[in-house]
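Participant: Here's a sequence, model it:
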Amino acid sequence: MNKGYFNSKYNIIIGTGVDESKILNINTEHNIIHRVNTDKSFQQICFNIKKYQLDHDEVFSGNVIINKLPKDTLNITEVIKLPLDDNSLYSSNFKHTGVVIPNSTVGVCMCDDELLYCSSIVLWIISQRERTVSNNLYSVCRKHRIKLKGFE
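Facilitator: Got it, this is the predicted structure:
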C-alpha cells in the first residue's frame, strides 16, 4: 500500500480543437500525464484515470480539463499551483447570482467547462453527468456541494 495519498502526478485532458502549442510547460514537467479527448469520450478517459488509481493504489494530485483556451496562452504550472481540495472545482467562467426564476432573466447561475481544475473525486462526479439542460455542470456542482472557484 502507498504511504502517501497523492502521487504528485497531474492529468491534462485536452479537448478537440485546442491548439496544444499555446499550452506552456505541458511537456516539460515529468509529473504531467497528457490525455487527448479525440477518439474517446470524456467519460471513458475519466474511467481510465479511475482504473489507473485503483490498480496502482494512488490518487492523482489534480486534473486539468482544457476544452477551450480562455486566453492566448495557458501556463500549466501556474494552474497546478492553485490549492486544491476534494470539494472544489476551479472554472474559467462561472456565475452565481442566487435564486433563478424559470423563464425569467432574473438570476444567472452557470459554469463553463472551457478550463477546469479539480481533484480526482470531483473529476469522477462531473464525468458521470449526462449533458442535458437540467443537468448542466453548475447543477451537478450544486447537487454534490462542490464549491466553484475562479482562476485568479
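
Participant: what are the ranges of the strands in this protein?
Facilitator: Using DSSP state E, the strands of the chain run over 10-15, 23-24, 32-37, 62-66, 74-75, 88-91, 94-96, 109-111, 115-118, 147-150.

Participant: Quick check: which of those strands is nearest to Leu137?
Facilitator: Each of the strands of the chain has some distance to Leu137 by CB to CB; the shortest is strand 109-111, at 4.5 Å. Yep, even glycine has a C-beta here, placed from its N, CA and C like the rest.

Participant: Can you give the strand pairings for the closest one, parallel or anti for each?
Facilitator: For strand 109-111, the pairing partners within the sheet under DSSP bridges are strand 94-96 (antiparallel).

Participant: What mean pLDDT does the partner strand get?
Facilitator: Averaged across strand 94-96, the pLDDT comes to 82.

Participant: residue ranges with poor pLDDT in this protein?
Facilitator: Counting by pLDDT under 70, the chain contains low-confidence ranges at 1-5, 27-30, 38-40, 98-107, 131-135.

Participant: Is it correct that Cys111 is in contact with Cys141?
Facilitator: Yes - contact between Cys111 and Cys141 holds when scored by CB atoms under 8 Å: they sit 6.3 Å apart.

Participant: Which neighbours do those two have in common?
Facilitator: When contacts are counted by CB atoms under 8 Å, 6 or more residues apart in numbering, Cys111 and Cys141 have 89, 148 as shared neighbours.
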